[in-house]
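Asker: Fold the following for me, if possible:
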Amino acid sequence: MRNLTEVAVLLVLGIVVGCSRQPEVAGLKRLDPNAQNAGFLGSYAKLTPNPRFENALTYVNNDPQKNIHKYYAVIVDPVQLYVSTGADVSKIQDRGRTALAAYFQNAITRAVEDAFPVTTEPGPLVLRLRTALIGVDVGAGNRIDIGKVGVESELVDSVTGEQIAAAIDRQNLGVGATVGSEKFIRDEKTAVAMDAFDGWASRLRAFLDSAHEFSKEDAERVDASYRPY
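Answerer: Residues are numbered from 1 along each chain as shown. Below is the predicted model:
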């Protein structure tokens, strides 16, 4: 019996190469060599190191009227790709990068869907989850190298666009995490990459859970407002 990861890969392959309706090719943006960050997030100003997550910067809006507790569903946007400054974009094949982005989006969706039902319709109580892989490069044989990739993600209000929570995950993988540029196949190197995507998605869920916890002040406010029948 195939495990869930293998099934997910087959689903991605079916989307990429088996359907008459092909998915939109994942776009590429090049990192500015002089920029301090990728520029993907709506704001970087309030990000701070998080002691609960190694190599991570996070932010959670604690305003009772604007924090994560008030939302009941989430839209998961397609994953964006930012290539390293010196990468030769012409060597990153369309099918490879589309499959890569699709797999990560699938991993993210599976990670968050039991915390927030996933929807496609914006609304006043719906979040939008935006995610980007930062620092995609080209490896040997024109494989997509994600060994030095970081992940930037944010939850924004789907109506106003206001940032509700954000995270930068810099848990780089080192040598060995690559994806074949034309086929997202389960070889040894691609397996490392898939494990990385699943790990990033799991860390994102753990951050989501921690952001969803009531702070001490919130808990005291809830206790103070409780009136038994």
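
Asker: for the chain, which residue is closest to the average position?
Answerer: Thr131 (3.9 Å; CA atoms, centre = their mean).

Asker: so what's the nearest residue to it once chain neighbours are set aside bridging to?
Answerer: Of all residues not flanking Thr131 in the chain, Ser153 sits nearest, at 4.3 Å (CB to CB, 6 or more residues apart in numbering). Placement of C-beta: from N, CA and C, glycine included. Ser153 forms beta bridges with Thr131, Ala167, as assigned by DSSP bridges.

Asker: I figured Ser153 was touching Ile134, is that so?
Answerer: No: assessed by CB atoms under 8 Å, Ser153 is found out of contact with Ile134, at 10.4 Å.

Asker: pull the helix or strand with minimum mean pLDDT from this protein.
Answerer: Ranking every helix and strand in the chain by mean pLDDT, DSSP states H and E puts helix 4-13 at the bottom, with a mean of 37.

Asker: Now the residue nearest to Asn37 when sequence neighbours are not counted: which helix or strand?
Answerer: Distance criterion CB to CB, 6+ apart; nearest residue to Asn37, sequence neighbours excluded, is Tyr44 at 5.3 Å. Counting by DSSP states H and E, no helix or strand carries Tyr44.

Asker: now swap in Arg97 and tell me
Answerer: With DSSP H and E as the test, Arg97 turns up in helix 94-112.

Asker: Report all helices and strands that that helix contacts.
Answerer: Contact partners of helix 94-112 among helices and strands, from 3 or more CB pairs under 8 Å, 6 or more residues apart in numbering; DSSP states H and E: helix 4-13, strand 73-76, strand 80-83, strand 126-138, strand 144-145, strand 178-179, helix 188-212.

Asker: In this structure, where is pLDDT below threshold?
Answerer: Residue ranges of the chain with pLDDT under 70: 1-26, 172-177, 180-189, 212-229.

Asker: who's in contact with the residue nearest to Asn37?
Answerer: Gln36, Asn37, Ala166 (CB atoms under 8 Å, 6 or more residues apart in numbering).

Asker: ok, back up a step: my guess is the residue nearest to the centre of the chain meets Val151, correct?
Answerer: Yes: using CB under 8 Å, Thr131 is in contact with Val151, at 6.7 Å.

Asker: what residues do the two have in common as contacts?
Answerer: Joint contacts of Thr131 and Val151 (CB under 8 Å, 6+ apart) are Leu204.

Asker: If you compare the directions of the helix holding Arg97 and strand 126-138, what angle comes out?
Answerer: Helix 94-112 runs at 140 degrees relative to strand 126-138, counting by axes from the mean of the first three to the mean of the last three CA atoms, to 10 degrees.

Asker: distance between helix 94-112 and the chain's centre?
Answerer: Its chain's C-alpha centre and that of helix 94-112 lie 9 Å apart, by CA atoms, centre = their mean, to the nearest Å.
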